[in-house]
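**Student:** fold the following for me, if possible:
(chains A, B and C)
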Amino acid sequence: MPELAEVEFYRKQWDSGLRQKILSVDIHADKRVFRGTDIDLLRRTLAGATLLQSRAHGKQMLFCFSKGGWLGLHLGMTGKLRTESAAFVPVKHDHLVLRQKKQTLVFGDPRLFGRVLFERGTAAPAWWTNLPPGIFSAQFTLAACERFLKRHGKAPVKAVLLLQAGFPGIGNWMADEILWQSRLHPRGAAGKLDGTARKILFRETRFVAKQAMKIVGEDFSDLPKSWLFRYRWKKKGICPRCAAVLEHASIGGRTTCWCPECQVEN
DNA sequence: TACAATGTTTTAAG
DNA sequence: CCTTAAAACATTGT
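**Tutor:** Next up is the predicted model:
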């Protein structure tokens, strides 16, 4: 489910636990979300540690604890963070449960595509500091964006938007939205976009990301009725701009929705 | 029933 | 070594 803005929304769901101690840790140790993670270290470190701060970058989250604990979380397709009461009894898919005096911090993920990482150290882990420049960073420039498009020039532009190395935080719905707002066909080769198209794509990427952060990232409000998003999963969805019946196909390995009238190959 | 789901990783091929 | 495409992962809901 979660892309850039949804991840930001879920990150904040643990805010009520900031500056408070973790009393105990409950873990579904055999679940796939802990693949490659030192669960014993996680348990030992977090028990008795205080949650100091949290950050999100693209689809990645990092929670910083005292005792040098760094907890990385990725929500995969169906992961969620939430806060429950102190007396909360975990249910089936609550794989990581951090108990505090006044509340319980929960990470649940039915489909198990999410991931829990844990490291102990004085500085943030390398996987975090090495993340690519975010959409809103000064390094995310038109030139950098164009280099990335060129580098993946044979692939459909839809597939390139999904690559986290170049567009961190962009996922399936945001990629479709960006292409629709840019009036670009998702199947067009990234390397064949002309200068104007590349500029529009760059601008709309930042526009969609910024609006989504403001609307969804804040409190999970609904996106505007003027956006493709509101119609993309409807049975006979109509383009909110020209009223043409929307098309669907698998592009870049994901179901893609576009307007056959507005979005032309460039 | 069979298929698809707001994602990433692995594998294979060019 | 790099890019691209497809399969795999696990569960739920339509």
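
**Student:** how near is the closest residue to DNA strand C within the stretch 101-250 of chain A to A:Lys192?
**Tutor:** Residue nearest to DNA strand C within the stretch 101-250 of chain A (C-beta to the nearest atom of the strand): A:His152, separated by 3.2 Å. Heads up, the C-betas are built off the backbone N, CA and C, glycines and all. Distance of A:His152 to A:Lys192, computed by C-beta to C-beta, to the nearest Å: 12 Å.

**Student:** tell me the domain ranges of chain A?
**Tutor:** A:4-129, A:142-258 (automatic domain parsing).

**Student:** right, is the last one up against DNA strand B?
**Tutor:** Yes - using C-beta under 7 Å from any atom of the strand, a contact is recorded between domain A:142-258 and DNA strand B, made by A:Leu162, A:Gln164, A:Gly171, A:Asn172, A:Trp173, A:Trp233, A:Gly253, A:Arg254, A:Thr255.

**Student:** tell me the span between the first and last residue of that domain.
**Tutor:** 24 Å (C-alpha to C-alpha, to the nearest Å).

**Student:** go on, the longest one?
**Tutor:** For domain A:4-129, the separation between the terminal residues is 18 Å (C-alpha to C-alpha).

**Student:** and the residue nearest to A:Gln103 when sequence neighbours are not counted, how far from DNA strand B?
**Tutor:** In this structure, A:Gln103 finds its nearest non-sequential neighbour in A:Thr83, 5.1 Å apart by C-beta to C-beta, 6 or more residues apart in numbering. Taking C-beta to the nearest atom of the strand, to the nearest Å as the measure, A:Thr83 falls 20 Å from DNA strand B.

**Student:** pretty sure A:Thr83 is in a strand, no?
**Tutor:** Yes - applying DSSP: H, G, I helix; E, B strand; the rest coil, one finds A:Thr83 inside a strand.

**Student:** in chain A, where is pLDDT below threshold?
**Tutor:** A:1 (pLDDT under 70).

**Student:** quick check: phi and psi at the residue in it positioned nearest to DNA strand B.
**Tutor:** Nearest residue of chain A to DNA strand B: A:Gly171, at 2.1 Å (C-beta to the nearest atom of the strand). Dihedral pair for A:Gly171: phi -130, psi -160, per degrees, to the nearest 10.

**Student:** you'd agree A:Trp70 is up against A:Phe118?
**Tutor:** Yes - in this structure A:Trp70 lies within contact range of A:Phe118 using C-beta atoms under 8 Å: 6.9 Å.

**Student:** A:Gln53 - how many residues pack around it?
**Tutor:** Number of residues near A:Gln53 (other C-beta atoms under 10 Å) recorded here: 11.

**Student:** so what's it up against?
**Tutor:** A:Gln53 is in contact with A:Leu18, A:Phe63, A:Cys64, counting by C-beta atoms under 8 Å, 6 or more residues apart in numbering.

**Student:** quick one: which of those residues is nearest A:Arg43?
**Tutor:** Using C-beta to C-beta, A:Phe63 comes nearest to A:Arg43 of the contacts of A:Gln53, at 14.9 Å.

**Student:** are we agreed that the closest one is in a strand?
**Tutor:** Yes - read with three-state DSSP, A:Phe63 is one of the residues of a strand.
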